[in-house]
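[1] Predicted model and sequence below, questions to follow.
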Amino acid sequence: MRGWLRITTTYGITAVLVGFVGFPLLWMMISSVKPGAELFVRPPRILPHEITFVWYRNLLSSSDSVALFKNSLLVGVSTTLICLTMGALAAYGVTRFEFPGKRIFMLGGLIAYLFPAIVLFISIYMVINALGLTDTYLGLVLCHCILTFPFALWMLKSFFETVPIEIDEAAWVDGASYLRTFLSIILPLALPGIFSVAVFVFVLSWNEFLFASVLITNSDMKTIPIGIAEFITSFDVRWGEIMAMGTLATVPVVILFLCVQRYFISGVISGAVKG
Amino acid sequence: MATRRLPPTLGLGSRSVAWFGDARSRAGAGFVLPAVIFLAVFVAYPVYDVLRLSMFAVDFSSDREAFVGLGNFVRILDDPKLPTVAWNTLVWTVFSLIGQFGLGLIAALCINQSLPGMTLVRTILLLPYVVPVIALALFWRWMLDGSFGVVSVTLQSLGLLAADQSPLALPSGAVVSVILANVWRGFPFVMISYWAALKGIPQDLYEAAQVDGAGIWQEFRYVTLPHLVAITKVMLLLRLIWTVTFFDIVWLITRGGPGGATEHWPIWIYQETMGFFRFGTGAALAVTLAVVLVAVSAIYLLVLNREGQT
């Protein structure tokens, strides 16, 4: 009796939660394939009578929206490369070596991890401006590195800690330089972990709105979040295209996330992932 | 390897470290050097600069700055919208956290049951964490559209909303909508953290409780709950900081409207700087927020410490 009650309650609550999470996502996808006549009816129909890909066709035939994807991809990949290079080097440094100032460095990383973007965005904007990097991809990439670096460092550190230092020491005894040991022995061993961190950095960059909206004014260089946000402030609200755009922006990150879900969960458990 | 003791003024840690006297400590420093430079330029300097800016009036067009001391802070105190924004920030934070922790805990308890299908459920419930906020904002607005939004039309047919009205057009409706959006996005993170803590509870504790005749509620109250206290303490502080300062969701769904009903502190910072180009006031607002957060965190940690000692 007790077990039966527990099972029913669990599935009941689970169904409500899955509905709460899943319905908005499904509704976005359904709306993106509904013809105009079915989007704008009252009451709304859950399942469309007819499926159309006209909104997707409109988007893909407009060079502006294709450019949004190219820009987001470029910024995301660059951010990932820079952030992971710096992060892997630093994580290797702090897990393998003792040097003066190491604690201060780790403390700085922790403060950076806690510091919210909205508090610093004004002065970060001024720094980027002073460097002449407003309206450049590099400026935006650097900003995204600020947001992602602290947590990348933390996660990479926990991955490097799982590789025993005896492996390094064996290589050093054999005469390999520190850099060579890092590049050709430790890095390959930590590769799965590094890949998962790369995915999270990419996803954060792909989704980032605040810095992208402040730094980029040139319409050829806008990223997806800015592009869609502008879509909706224009005078006619084209819900079909907007929902198609939302779907296209969501699907790649969801697929990437599913690939590394396991690492995400262990990242949360080790306290490294930022919510 | 010759290790010299650090001079006392450089006592940066308990371990004795040569002052870059040997190749190994130089190599270590070399590995972190790019990160150090990066953090110095893009985090440490901005921290200093936002403090400095908060005491200046900045004319962005001519790039001239004039020292105004605490003038920017006085201006904030005199601003008639201060009480409203502070109240909005409080409501936003408290209800977002209640929602995220409540749903997060319930969801964690569900996916922790060893029942068929729960792995799939866990994956689905995690999705909001990666959905771009812009997409979330857009489908939220579409569902709440006054004429054709599925949620609005349902509420209208139940008589809870006037015809053709969107909840986003009402002050209270807008507040509820943005908080719900934030709960939607934030609870999976809490869920996974709680789930990890639940998996760490030894199974024999439950068996012992059952032997003692404990019911489901008693099991939860005396076995499960005590094991969640530690993670809750840490997570509450982190999520507090991130919720108070979360800008995107509110901005993208309501822009602080209608009539300032959803304007919380981050929106105020953004509007002062990007709307009115008053960088000094914006910096003062940012500093105020940071000071309040640091103070709240310090008090929180002190209280926890004291509890831990008694």
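    In hand now; what should we look at?
[2] can we go C-alpha only for contacts and neighbour counts from here?
    Will do.
[3] Verify the stated contact: A:Ile128 with A:Leu138.
    No. Using Cα atoms under 8 Å, A:Ile128 is not in contact with A:Leu138; the gap is 9.5 Å.
[4] Can you tell me what sits against stretch B:119-136?
    The set of residues external to stretch B:119-136 that reach it, using Cα atoms under 8 Å, 6 or more residues apart in numbering or on different chains, is A:14, A:17-18, A:21-22, A:203, A:206-209, A:225, A:228-229, A:246-247, A:249-250, A:253-254, A:257-258, A:275, B:111, B:181, B:184-186, B:188-189, B:248-249, B:252.
[5] Put the buried members of the residues you listed into a PyMOL selection.
    Per 16 or more other Cα atoms under 10 Å in any protein chain shown, the buried members of the contacts of stretch B:119-136 correspond to this PyMOL selection:
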select buried, (chain A and resi 14+17+21+203+206+207+208+209+225+228+229+246+247+249+250+253+254+257+275) or (chain B and resi 111+181+184+185+186+188+189+248+249+252)
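[6] Select from the contacts of stretch B:119-136 every entry located in helices.
    Members of the contacts of stretch B:119-136 lying in helices (criterion: DSSP state H): A:14, A:17-18, A:21-22, A:203, A:206-207, A:225, A:228-229, A:246-247, A:249-250, A:253-254, A:257-258, B:111, B:181, B:184-186, B:188-189, B:248-249, B:252.
[7] how much space between the residue sitting nearest the centre point of chain B and A:Val201?
    Chain B has B:Trp242 as the residue nearest its centroid, 1.4 Å off, counting by Cα atoms, centre = their mean. Distance of B:Trp242 to A:Val201, given as Cα to Cα, to the nearest Å: 18 Å.
[8] helices or strands up against the helix of greatest length in chain A?
    Counting by DSSP H, the longest helix found in chain A is helix A:63-96. Applying 3 or more Cα pairs under 8 Å, 6 or more residues apart in numbering or on different chains; DSSP states H and E, one finds that helix A:63-96 contacts helix A:54-61, helix A:137-161, helix A:191-207, helix A:224-233, helix B:23-39.
[9] can you tell which of those is closest to B:Val223?
    Ranking the helices and strands packed on helix A:63-96 by proximity to B:Val223 (Cα to Cα) places helix A:137-161 first, at 30.2 Å.
[10] For chain B, which residue gets nearest to chain A?
    B:Val32 (4.1 Å; Cα to the nearest Cα).
[11] Excluding chain neighbours, give the residue nearest to that residue in space.
    Nearest residue to B:Val32, sequence neighbours excluded (Cα to Cα, 6 or more residues apart in numbering or on different chains): A:Ala90, at 4.1 Å.
[12] Beyond the strand or helix carrying A:Glu166, next helix or strand please.
    Per DSSP states H and E: A:Glu166 is located in helix A:165-173. Scanning forward in sequence from helix A:165-173 by DSSP H and E, the next helix or strand is helix A:178-181.
[13] From the rest of the structure, what touches the helix or strand following that next one?
    Note on helix A:178-181: by DSSP H and E, the next helix or strand toward the C-terminus is helix A:187-189. Helix A:187-189 is contacted by residues A:Val163 when judged by Cα under 8 Å, 6+ apart.
[14] So what's the gap between helix A:187-189 and the chain middle?
    Offset of helix A:187-189 from its chain centre (Cα atoms, centre = their mean, to the nearest Å): 23 Å.
[15] thinking again about what came up before, could you give the angle of the longest helix of chain A to helix A:191-207?
    140 degrees (axes from the mean of the first three to the mean of the last three Cα atoms, to 10 degrees).
[16] Tell me the buried residues in helix A:63-96?
    A:64-65, A:67-81, A:83-84, A:86-96.
[17] now swap in stretch B:110-125 and tell me
    Within stretch B:110-125, the residues scored as buried using 16+ other Cα under 10 Å are B:Cys110, B:Ile111, B:Asn112, B:Met118, B:Val121, B:Arg122, B:Ile124, B:Leu125.
[18] now stretch B:250-264
    Going by neighbour count (16+ other Cα under 10 Å), the buried part of stretch B:250-264 is B:250-258, B:260-264.
[19] Dump the residues you listed into TSV; add distance to chain A as well.
    Converted to TSV, the buried residues of stretch B:250-264 look like this (distance: Cα to the nearest Cα, whole Å):
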residue	distance to chain A
B:Val250	12
B:Trp251	10
B:Leu252	7
B:Ile253	10
B:Thr254	12
B:Arg255	11
B:Gly256	15
B:Gly257	14
B:Pro258	15
B:Gly260	18
B:Ala261	20
B:Thr262	17
B:Glu263	14
B:His264	12
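[20] Just give me the least confident of those residues.
    Note: of the buried residues of stretch B:250-264, the lowest pLDDT belongs to B:Gly257, at 80.
[21] Who are the contact partners of that one?
    Per Cα under 8 Å, 6+ apart, neighbours of B:Gly257: B:Pro171, B:Ala174, B:Glu263.
[22] which secondary structure elements does the strand or helix carrying B:Trp195 contact?
    Counting by DSSP H and E, the element that carries B:Trp195 is helix B:171-199. Here helix B:171-199 touches helix A:261-269, helix B:82-111, helix B:118-126, helix B:133-143, helix B:225-244, helix B:248-253, going by 3+ Cα pairs under 8 Å, 6+ apart.
[23] tilt between that helix and helix B:118-126?
    Using the same axes, to 10 degrees, helix B:171-199 lies at 140 degrees relative to helix B:118-126.
[24] Quick one: distance of the next helix or strand along the chain from helix B:171-199 to the chain centre.
    Next helix or strand after helix B:171-199 toward the C-terminus (DSSP H and E): helix B:203-211. The chain centroid and the centroid of helix B:203-211 are separated by 36 Å under Cα atoms, centre = their mean.
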